[in-house]
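S.K.: Would you be able to build a 3D model of this:
(one chain, ligands or ions: 1)
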Amino acid sequence: MKERIEKLGAQFNEALSGITDTEALENLRLQFMSKKGYISELMKELGKVPNEQKKEVGQTINTFKQEITELFEKKKDELIRLQEEILIQGAESYDESLPTEDPTGSYHPITLVQRELEDIFESMGFDIEDYTEVVTDFECFEAVNIPPFHPARDMQDTYYLSTANQLLKSHTSAAQNAILRKYGDALKKDGRPIRAVFPGRCFRNEAVDASHDNTFFQMEGMMVDKDISISNLIYFMKTMLSEVFGREVTVRLRPGFFPFVEPGFELDIKCLNCGGTGCPSCGNSGWLELCPCGMIHPNVLKLGGINTDEDPFEYTGFAFGLGLTRLAMMKYGVKDIRTFNDGDLSALSQFTSR
Ligand code: PHE
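M.R.: Coordinates of the predicted model:
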């Protein structure tokens, strides 16, 4: 058994070192970690191991699993970082060292991207909503189907205040409950669909480097009405992203897990650089990972007062989360995410003069 684990380890390492795109990485992960993967096979074989060795072999399998999970995460970060760097190289470039010309001030690049997106959403009939940065545990997690102690909380460690169960919101999904409550009456009484986007500053307890910051921006959107289906989601996302990028984009969905959507997806667009044939910008996969989304989970709609237990599917809807900071990096060719928050005016004033 130990030999087999060692062999699998070597096989994993060899495969990992040859991987250059996120899709191949996901395939490798499935090979090892899915229900029919090698780790499950090992667990099954554990049953046949003599009792006195079970504990030790079980521990070896667990350590192995932990090790490959860590390696997998590290590689994933590396690939995403690489993708961003290459995308950025092709973007509008700016010179951080240019002197500030306009003493009257200028808009922050994230504000500019946010406004551009707000115009697009407004033209599609969306309400634009603002939301607080300090939220309750209920808003940020429980209302979006992440109960206390749910493992999904580990992905979004944030900053907790010492009073009243409050924290700095780790994602814009923290506003979902309030939006559903605010627009729910008009939906039910007048049949006015809920269409809202809510940009906001988010916080996570992250180690800071060129592509991770503890403070960043997202723009989330929701649409809820009768008979909203995945087709609506796909059509909408395609139209919206074509507007954002100023040309027709091709989209595809892959399964993705977020507790507040079911089914949940990672939405990719066909690489704008090579049109899908594969190039360095897309790590040769032909696709860029852009926006998590999915059909709003029945529990979220229920907690938002939209549906009742009698008819949990009376209204349905979709939600998506755009990374505003990432879009701003892509658009303006900003290589280091820390530029946005470090208050260096000569860097930040170059995107527009007022
Ligand atoms: N809130 C999620 C995150 O920050 C993104 C998301 C939003 C996913 C809406 C699905 C739907 O990771």
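
S.K.: domain parsing for this protein?
M.R.: Per automatic domain parsing, the structural domains of the chain span 2-90, 109-348.

S.K.: Pick the most buried one from these.
M.R.: Of these, the one with the most neighbours on average (mean count of other Cβ atoms under 10 Å) is domain 109-348, at a mean of 18. Quick note: C-beta positions are derived from backbone N, CA and C, even for glycine.

S.K.: where does the residue of the stretch 251-354 of the chain found nearest the ligand land in three-state SS?
M.R.: Per Cβ to the nearest ligand atom, G321 is where the stretch 251-354 of the chain lies closest to the ligand, at 2.7 Å. Secondary structure, DSSP: H, G, I helix; E, B strand; the rest coil: G321 is strand.

S.K.: mind listing what P312 touches?
M.R.: P312 is in contact with 298, 301-302, counting by Cβ atoms under 8 Å, 6 or more residues apart in numbering.

S.K.: wait, V244
M.R.: Counting by Cβ under 8 Å, 6+ apart, V244 makes contact with 116-117, 120, 327.

S.K.: before we move on, back to that, which of the domains of the chain comes out lowest on mean pLDDT?
M.R.: The minimum mean pLDDT among these belongs to domain 2-90 (a mean of 87).

S.K.: What ranges does this structure have for its helices?
M.R.: 2-17, 22-33, 38-46, 51-89, 109-123, 137-140, 176-190, 230-245, 298-303, 324-332, 345-348 (DSSP state H).

S.K.: if we compare these, which one ends up closest to E129?
M.R.: Closest to E129 of the helices of the chain, according to Cβ to Cβ: helix 176-190, at 6.1 Å.

S.K.: As TSV, the helices of the chain with distance to L290 would be great.
M.R.: Below are those laid out as TSV (distance: least, Cβ to Cβ, whole Å):
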stretch	distance to L290
helix 2-17	25
helix 22-33	12
helix 38-46	30
helix 51-89	11
helix 109-123	13
helix 137-140	23
helix 176-190	20
helix 230-245	7
helix 298-303	22
helix 324-332	9
helix 345-348	25
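
S.K.: Just give the closest residue to F265, not the sequence neighbours.
M.R.: In space, and not counting its chain neighbours, F265 is closest to L253: 4.1 Å by Cβ to Cβ, 6 or more residues apart in numbering.

S.K.: which residues touch the closest residue to the ligand within the stretch 1-150 of the chain?
M.R.: Of all residues in the stretch 1-150 of the chain, the one sitting closest to the ligand is V144 (7.7 Å; Cβ to the nearest ligand atom). Going by Cβ under 8 Å, 6+ apart, V144 touches 173-174, 176-177, 259-260, 297, 300.

S.K.: if I look at it, how far off is D157?
M.R.: Using Cβ to Cβ, to the nearest Å, we find V144 at a distance of 16 Å from D157.

S.K.: now G184
M.R.: Counting by Cβ to Cβ, the gap from G184 to D157 is 31 Å.

S.K.: List the contacts of the closest residue to P193 other than its chain neighbours.
M.R.: Spatial nearest neighbour of P193, excluding adjacent residues (Cβ to Cβ, 6+ apart): D225 at 3.7 Å. Residues counted as contacts of D225 (Cβ under 8 Å, 6+ apart) are 187, 193-194, 315-317.
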